[in-house]
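Chemist: Here you go, sequence then predicted model.
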Amino acid sequence: MTIRVEVPGLDTILPEISDAQIVVVESGADSAKSFFVRRLGITAMRAGMAVTFVISRDKAELISLLNKEGGAVTPRDDLEILEQDSIQDVTPPASKGGLLAIDSFSFLTLDIPPSVLAAMLRTLRAQCRAMGTTVILATDRGMFEPRGEAVVNHLADGLLQFHSREGPEGLVISAHSEVERREVLRPEHLL
């Protein structure tokens, strides 16, 4: 099952995100990536998917934003919000299927060396493929050291970058997408 991108303008660049994909969503100090991650979560819940948020910020704040932006989406049995200061193992939340959104992945993995980060992401890829879990890794531009950023971008299936600048009309946010559209082989395809 795909998750439709229900953000006007962005949906013309990236109409949907396929299941069993790992997509990195990157931006600077603006809130564009977090807004996008919340919108995907709301869309996924409305489509009947289980949604897990792993966040580095306040759970109550996220619940308030989800309710404000999505119209009373919480509390729900198919929504789990895990508030953490770091993440060493992403397998448990990825095993639930649906959507796993990790915001901010770059902050939660600050102390992980690139080789350990690569192993974590390879395990996550395998788990995603097996369970059909779509994973969104929200990252902050410049927070990873260069090798860590290269590992994350290389092992992801796609990258969505938000860029913001001041324009005559105020803050202008633009997006660039490199999300691959390839068929993922699952065990049932091999039978």
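Modeler: Arrived safely.
Chemist: can we go C-alpha only for contacts and neighbour counts from here?
Modeler: Fine.
Chemist: secondary structure class for residue 107?
Modeler: In three-state terms, and counting by DSSP: H, G, I helix; E, B strand; the rest coil, residue 107 is helix.
Chemist: what sits against it?
Modeler: Residues near residue 107 by C-alpha atoms under 8 Å, 6 or more residues apart in numbering: 56, 86, 139-140, 143.
Chemist: need the strands for the chain, in chain order.
Modeler: With DSSP state E, the ranges of strands along the chain come out as 3-4, 16-17, 22-27, 51-55, 79-83, 99-103, 134-140, 158-167, 170-177.
Chemist: Nearest to residue 148, out of the ones you listed?
Modeler: strand 134-140 (11.4 Å; C-alpha to C-alpha).
Chemist: can you list the residues that contact that closest one?
Modeler: With C-alpha under 8 Å, 6+ apart, strand 134-140 has contacts from 17-29, 33-34, 37, 94, 97-107, 128.
Chemist: where does this structure dip in pLDDT?
Modeler: For the chain, the stretches with pLDDT under 70 are 1, 72-75, 164-167, 170-191.
Chemist: quick one: furthest residue from the center of it?
Modeler: Distance from the centre of the chain peaks at residue 168, with 31.1 Å (C-alpha atoms, centre = their mean).
Chemist: before we move on, back to that, just the buried members of the contacts of strand 134-140?
Modeler: Neighbour counting over the contacts of strand 134-140 (16 or more other C-alpha atoms under 10 Å) leaves 17-28, 33-34, 37, 94, 97-107, 128 as the buried ones.
Chemist: for stretch 128-146, the distance to its chain's centre please.
Modeler: Relative to its chain's centre, stretch 128-146 lies at 6 Å (C-alpha atoms, centre = their mean, to the nearest Å).
Chemist: going forward can the numbers begin at 719, since that is how I track them
Modeler: That works, and once the first residue is 719, the last one we named lands at stretch 846-864.
Chemist: what comes up buried for that stretch?
Modeler: For stretch 846-864, a neighbour-count test (16+ other C-alpha under 10 Å) marks 846-859, 862 as buried.
Chemist: Show the end-to-end separation of that stretch, please.
Modeler: End-to-end span of stretch 846-864 (C-alpha to C-alpha, to the nearest Å): 25 Å.
Chemist: Near the residue nearest to residue 831 when sequence neighbours are not counted, how many other residues are there?
Modeler: Counting by C-alpha to C-alpha, 6 or more residues apart in numbering, residue 831 lies nearest to residue 866, which is 7.4 Å off, once chain neighbours are set aside. When neighbours are counted by other C-alpha atoms under 10 Å, residue 866 registers 21.
Chemist: Starting from residue 886, give me the distance back to the residue positioned nearest the centre of the chain.
Modeler: By C-alpha atoms, centre = their mean, the chain has its centre lying nearest to residue 854, at 1.6 Å. The spacing between residue 854 and residue 886, counted by C-alpha to C-alpha, is 32 Å.
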